[in-house]
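Novice: sequence first, then the predicted structure, then my questions.
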Amino acid sequence: MEISHILNELGEDRSLYFNAVSPPIMQTSNFVFDTFEDIRKAFEDEDSAYLYSRGKNPTIEILRKKLAALDEAEDALVFNSGASAIFCSVLANVKTGDHIISVDKPYSWAWRMFDNMLPRFGVETTYIDGTKIENFENALRPETKVIYLESPNSNTFELQDLEAISKLAKSRGIVTIVDNSYSSPIHQKPLALGIDLSLQSATKYLGGHSDTVAGVLTGRKDMLQKIFNEQLLNNGSGISPFNAWLILRGLRTLPVRLAHITKTTEKVIAFLKTHPKIDRVIFPFDNDFPQLDLAKKQMSGACGLFTIVLKTDSYNRIEKFTYGLNHFLVAVSWGGHESLILPQAAAIGPENFDPIIERHRMARVYVGLEDADYLIADLRQALEIL
Ligand SMILES: *Cc1c(COP(=O)(O)O)cnc(C)c1O
């Protein structure tokens, strides 16, 4: 299906809403029934009829169709956060006594779930370096039920070979889940590589304007129906109609935004790589990236998120450099219109800062929708402070 069709037309029927160009925010909690027969059918399958907006809602429905098509999936579910998509997709596929293999250092709320919550229900997680397929083979147990991936990984962007891992998992009946927030379906289609469930924080590129929190999960219809009927409805993890509408609006410009950010990021990285105060840049499509071949094989691009290693031994100067930037905001998250920076030192604190440890000198940079020269000039003046 062509992306222009998906983003501009799919799932939209203007005759249902006064020929309005923009679909309505169907801000209702419940829906009226004409017959007992209809009520009974809706109770039997909440995803088959409009009953109650914790489950199915027309605005959310349009978004689901578009998100499924973007991932070449049978179905999509939309959640009130990316964290919720992580939680529901994992919870649906484990029971007491089961084992999970997770890639090292997954997104923080994934490891918090694996370490703090799941052990209370008798589910154990093994973390592995996901860059080598042997590590998955060696960690397998008879009770392994889920392989949890994030490719590229947060902060240092290590990749996992999604096709090879899917094959291994399929041969053992293990469910594979990948966090695809970094690439979005524009740059990576995990289901086409054999992955069972692909999730994203829609807060990032899909929304694109830093004005809402949301999550998405795509995959086979039967797997998603189970999650809809158990986790989504029971936890009440669905998105609100208004937030779904914001994601719909963000989606209209997704490819245009990503194309712009790709070009800008390339220029910003080229500048940073030659700067004497930068030790190295970590970015999956950089020529020095150790897994560049795999990146090119399974991704069609990378975008605005990368990490720089600052050449300094001073915690104070990292803080001064950070706040010396005029156009990069110091904030978590990414994927919006605004450029951001988040140095690791901020979380480490001055007492524990050790410049010998490379990670302590890392800063995650996100390039937004500003022009490259505007951002480069800002980085140039602030790097003088180092
Ligand atoms: C932000 C993020 C999440 C969590 O998404 P929320 O929408 O903030 O709950 C998950 N994975 C990655 C890689 C993220 O960057």
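Specialist: Here it is on my side, so go on. Residues are numbered from 1 along each chain as shown.
Novice: now do the strands in the stretch 201-350 of the chain.
Specialist: Taking DSSP state E, counting those that start in this stretch as the criterion, the stretch 201-350 of the chain contains strands spanning 215-219, 278-282, 305-310, 329-330, 340-343.
Novice: TSV for the ones you listed, including mean neighbour count?
Specialist: Quick note: C-beta positions are derived from backbone N, CA and C, even for glycine. Formatted as TSV, the entries for the strands of the stretch 201-350 of the chain read as follows, by neighbours: other Cβ atoms under 10 Å:
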stretch	mean neighbour count
strand 215-219	28
strand 278-282	18
strand 305-310	22
strand 329-330	14
strand 340-343	22
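Novice: how close does the closest residue to residue 332 other than its chain neighbours get to the ligand?
Specialist: The shortest distance from residue 332 to any non-neighbouring residue, by Cβ to Cβ, 6 or more residues apart in numbering, is to residue 342 (6.3 Å). Residue 342 sits 11 Å away from the ligand, taking Cβ to the nearest ligand atom, to the nearest Å as the criterion.
Novice: disregarding residues adjacent in the polypeptide, which is nearest to the residue in the stretch 201-350 of the chain that the ligand sits nearest to?
Specialist: When distances are taken as Cβ to the nearest ligand atom, the stretch 201-350 of the chain reaches nearest to the ligand at residue 201, 2.9 Å away. Of all residues beyond its chain neighbours, the one nearest residue 201 is residue 82 (2.8 Å), with distances taken as Cβ to Cβ, 6+ apart.
Novice: pretty sure that neighbour contacts residue 212?
Specialist: No - the criterion here is Cβ atoms under 8 Å, and residue 82 misses it with residue 212 at 11.5 Å.
Novice: re the thing from before, and the residue nearest to residue 332, what is it in contact with?
Specialist: Shown here is residue 342, whose contacts under the criterion Cβ atoms under 8 Å, 6 or more residues apart in numbering are 330-332, 363-364.
Novice: count the residues that sit near the residue nearest to residue 201.
Specialist: Summarising burial for residue 82: neighbours were counted as other Cβ atoms under 10 Å, giving 25.
Novice: residue 178 belongs to a strand?
Specialist: Yes - when classified by DSSP: H, G, I helix; E, B strand; the rest coil, residue 178 is found to be part of a strand.
Novice: hang on, isn't it packed against residue 200?
Specialist: No - with contact taken as Cβ under 8 Å, residue 178 and residue 200 are classed as non-touching, separated by 9.6 Å.
Novice: in stretch 82-94, what counts as buried?
Specialist: By neighbour count, and taking 16 or more other Cβ atoms under 10 Å as the criterion, the buried residues in stretch 82-94 are 82-94.
Novice: could those residues go into CSV alongside secondary structure and distance to residue 234?
Specialist: Formatted as CSV, the entries for the buried residues of stretch 82-94 read as follows, by DSSP: H, G, I helix; E, B strand; the rest coil; distance: Cβ to Cβ, whole Å:
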residue, secondary structure, distance to residue 234
82, helix, 19
83, helix, 17
84, helix, 12
85, helix, 15
86, helix, 16
87, helix, 12
88, helix, 9
89, helix, 14
90, helix, 15
91, helix, 10
92, coil, 11
93, coil, 15
94, coil, 16
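Novice: wait, which of the residues you listed is closest to the ligand?
Specialist: Relative to the ligand, and with distances defined as Cβ to the nearest ligand atom, the nearest of those is residue 82, at 2.3 Å.
Novice: contacts only, for the closest one.
Specialist: Residue 82 sits next to 107, 179, 181, 199-204, 213-215 when contact means Cβ under 8 Å, 6+ apart.
Novice: as JSON lines, these with distance to residue 152 would be great.
Specialist: What follows is the contacts of residue 82, written out as JSON lines (distance: Cβ to Cβ, whole Å):
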{"residue": "107", "distance to residue 152": "12"}
{"residue": "179", "distance to residue 152": "10"}
{"residue": "181", "distance to residue 152": "10"}
{"residue": "199", "distance to residue 152": "15"}
{"residue": "200", "distance to residue 152": "13"}
{"residue": "201", "distance to residue 152": "14"}
{"residue": "202", "distance to residue 152": "18"}
{"residue": "203", "distance to residue 152": "17"}
{"residue": "204", "distance to residue 152": "13"}
{"residue": "213", "distance to residue 152": "22"}
{"residue": "214", "distance to residue 152": "21"}
{"residue": "215", "distance to residue 152": "18"}
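Novice: residues from the stretch 151-300 of the chain in reach of the ligand?
Specialist: 154, 179, 181, 201, 203-204, 213, 215 (Cβ under 6 Å from any ligand atom).
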